[in-house]
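Enquirer: Provide a 3D model corresponding to the input given below.
(chains A and B)
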Amino acid sequence: MKIAMINGSPKVKDSASGVILNALKERIGEAAECVLYSTAKEDKQEFMQAVSESEAIVFAFPLFVDGIPSHLLRLLDEVQQNIVDAAPKAMIYAVVNNGFYEGRQNILALEMMRNFCIRSGLEWGQGIGVGAGGMTNAAPVGKGPLKKLGLALDMLSANILSGKDAEDYFFEPGFPRFLYKAAVHMGWKTQAKKNGLKPKQLYGDQ
Amino acid sequence: MSKKLILHDLSPEDAENLLPKESEIYSLYPAKPPVRHCVGCFGCWLKTPGRCVINDRGSDFSALMLQHDEIIVISRFVFGGLSPDIKAVFDRSIGFILPFFRILNGEMHHVKRYQKSPDLCYILYGIDINDTEKETARKLIAANALNFGSENSQISFHTSPREIREVLA
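Expert: I've put the predicted structure just below:
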């Protein structure tokens, strides 16, 4: 079995989507051949090689303005027929993470992925909405605040390997919302200082 | 007088034939040729607050949002949402809001940078638009309005951009 894992983050490195796909790949282990492709490369040919003859395609991407990041949306829009031709039996899965706490806020991006499947005639497998995506580096996946992410990926890998579809699943980290909010705010201010800005200046006008 | 900014993905010919001319009321922002896509660097929040750091015209859009009372988005309808060209402009405009969070309707959202936000009007065109996709789009404009801080939003669906002239009349 071949599984294509498409990282839909525009970041070349350190993306939450990359952490998620690596953890999923670990769970798949030797049970299937996993081919990873990063959309940050913007190489349509390599993307097509990755998805070609796959039985499952897993897209992992960040939520941008309540939807799919524009570079990934453009790719899906342009190659939908090519995907159908190259991998007609592929089941499509998607894991979307957002900076907000609630995983459910990823629901519209997942609906758009499902609409993409209906339009192109591909089969929709399952969508996962990951809240507090900024925390995916906070611990090893499966441990502490990322325990639920580990369990979600256990479930997803089982569904992928058995070719099953399933209800979408949304979750938050094992970490209180008010603390997540405080930690992110502190993180922004720390980064601002590194950029030579006072925290107050973040509120500034252009 | 209400100032309206038309963000559209029409060809230059269609734009010429279908859209109002630039005036005191209307400004036009063509999404074609596409602006570069957001790279997720957060520079618009943490380096040059309010403005995208990528050096092309896509960085101007968030300031234009502030200068207008309404954003009229004319977009090809793609998977229940906006077209890649339009989406690229919006993805580059999150500097319009702050990186900080607030809780609104029991959910986490961003704090507004400015007191005022423009209303949103989506005019979406495409063939064979189905009800499921329409439902996604209705929820999308509500979510976009909530996250950009817009008080009012409206949406309409059309089979061809040629219908746009009547909508804007």
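Enquirer: got a list of what residue B:15 touches?
Expert: B:8, B:28, B:30 (Cβ atoms under 8 Å, 6 or more residues apart in numbering or on different chains). All C-beta spots, glycine's among them, are computed from the backbone N, C-alpha and C.
Enquirer: try it again with 7 Å
Expert: Each residue near residue B:15 by Cβ atoms under 7 Å, 6 or more residues apart in numbering or on different chains is listed here: B:8, B:30.
Enquirer: quick one: contacts of stretch A:66-81?
Expert: Stretch A:66-81 has contacts (Cβ under 7 Å, 6+ apart) with A:8, A:10, A:39, A:44, A:47-48, A:61-62, A:108-109, A:112, A:116, A:119-120, B:37-38, B:78, B:81, B:84, B:87-88, B:91, B:140, B:143-144, B:147.
Enquirer: what about 6 Å?
Expert: Applying Cβ atoms under 6 Å, 6 or more residues apart in numbering or on different chains, the contact partners of stretch A:66-81 are A:8, A:10, A:39, A:61, A:108-109, A:112, A:116, A:120, B:37, B:78, B:81, B:84, B:87-88, B:91, B:140, B:143-144.
Enquirer: sort out which of these are buried, if you could.
Expert: A:8, A:10, A:39, A:61, A:108-109, A:112, A:116, A:120, B:37, B:78, B:81, B:84, B:87-88, B:91, B:140, B:143-144 (16 or more other Cβ atoms under 10 Å in any protein chain shown).
Enquirer: which ones among these lie within helices?
Expert: Those of the buried ones among the contacts of stretch A:66-81 mapping onto helices are A:108-109, A:112, A:116, A:120, B:84, B:87-88, B:91, B:140, B:143-144, per DSSP state H.
Enquirer: what is the distance between stretch A:21-39 and the centre of its chain?
Expert: Its chain's C-alpha centre and that of stretch A:21-39 lie 13 Å apart, by Cα atoms, centre = their mean, to the nearest Å.
Enquirer: repeat for stretch A:52-72
Expert: On Cα atoms, centre = their mean, the centre of stretch A:52-72 falls 7 Å from that of its chain.
Enquirer: how about the nearest residue to residue B:139, chain neighbours excluded?
Expert: Once flanking residues are discounted, residue B:139 sits nearest to residue A:108: 5.8 Å by Cβ to Cβ, 6 or more residues apart in numbering or on different chains.
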